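1. Provide a 3D model corresponding to the input given below.
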Amino acid sequence: MLHIASYILDGLCLEMNKIVIYVNAFYKAKAGVVAISNKKMACLDCLTEQIENMKSKLPDFNLGMDDNYRCANSSYIASQIYNLNIVNLGVRIILNYLTNKIPKDNEGHMYNCYFIGNEKMKSLDGKEFFTNEITIRRYSIPGYRGCCVCGNE
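-> Have a look, this model is predicted:
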């Protein structure tokens, strides 16, 4: 869950016509997400709400979480490799954005949400979501019409 400060930072950056790129690992770093927030597509608030609406088509990223799990836990060696995949994707997307090379969908909309999987996972509706190691699923997620943060029209 994102902290309220993320939403405040996002709103301030969009007010100044800046973008924010969020990189997050979850499910013991077996999956992660990279989200691009900007006025042209969607703010963080719109993105998180739209992703929540897609929930049945996504895996349960809390599956198998241990209450005692800590990222620095040396007994889970693979997390370092898994985190590296997610961070590398985030850096690649940032560089693509800075060089104006962000891929677009068939309608010409920039992909602003990327899910990366480090192992096979099924969505809640039972379909394959991540088919093998290092699978990337990308989406163009629009903002909500009349959003008070991004002003999406």
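2. any chance you could list what contacts the helix or strand of the chain with the lowest mean pLDDT?
-> One helix or strand of the chain scores below all others by mean pLDDT, DSSP states H and E: helix 78-98, with a mean of 82. Helix 78-98 is contacted by residues 19, 21, 23-25, 28-30, 32, 34, 36, 71, 73, 102-103, 114, 116, 118, 134, 136 when judged by C-beta atoms under 8 Å, 6 or more residues apart in numbering. (Glycine included, C-beta is placed from N, CA and C.)
3. filter those down to the buried ones and express that as a PyMOL selection.
-> Command for PyMOL, covering only those of the contacts of helix 78-98 found buried under the criterion 16 or more other C-beta atoms under 10 Å:
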select buried, resi 19+21+23+25+28+29+30+32+34+36+114+116+118
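4. looking at the contacts of helix 78-98, which are in strands?
-> Mapping these onto strands (DSSP state E) picks out 21, 23, 24, 25, 32, 34, 36, 114, 116, 136.
5. quick one: the first one and residue 38 touch, right?
-> No: using C-beta atoms under 8 Å, residue 21 makes no contact with residue 38, being 9.2 Å away.
6. quick check: bridge partners of the residue most central in space within the chain?
-> Centrality entry for the chain: nearest residue to the mean C-alpha point is residue 33, 2.8 Å, by C-alpha atoms, centre = their mean. Applying DSSP bridges to residue 33 yields these beta-bridge partners: residue 24, residue 115.
7. ok, it to residue 137 distance?
-> 10 Å (C-beta to C-beta, to the nearest Å).
8. likewise residue 108?
-> Counting by C-beta to C-beta, the gap from residue 108 to residue 137 is 20 Å.
9. higher neighbour count, the two?
-> residue 137 (17 against 7; other C-beta atoms under 10 Å).
10. so where do the helices sit in this protein?
-> Under the criterion DSSP state H, the chain contains helices at 4-15, 44-53, 78-98.
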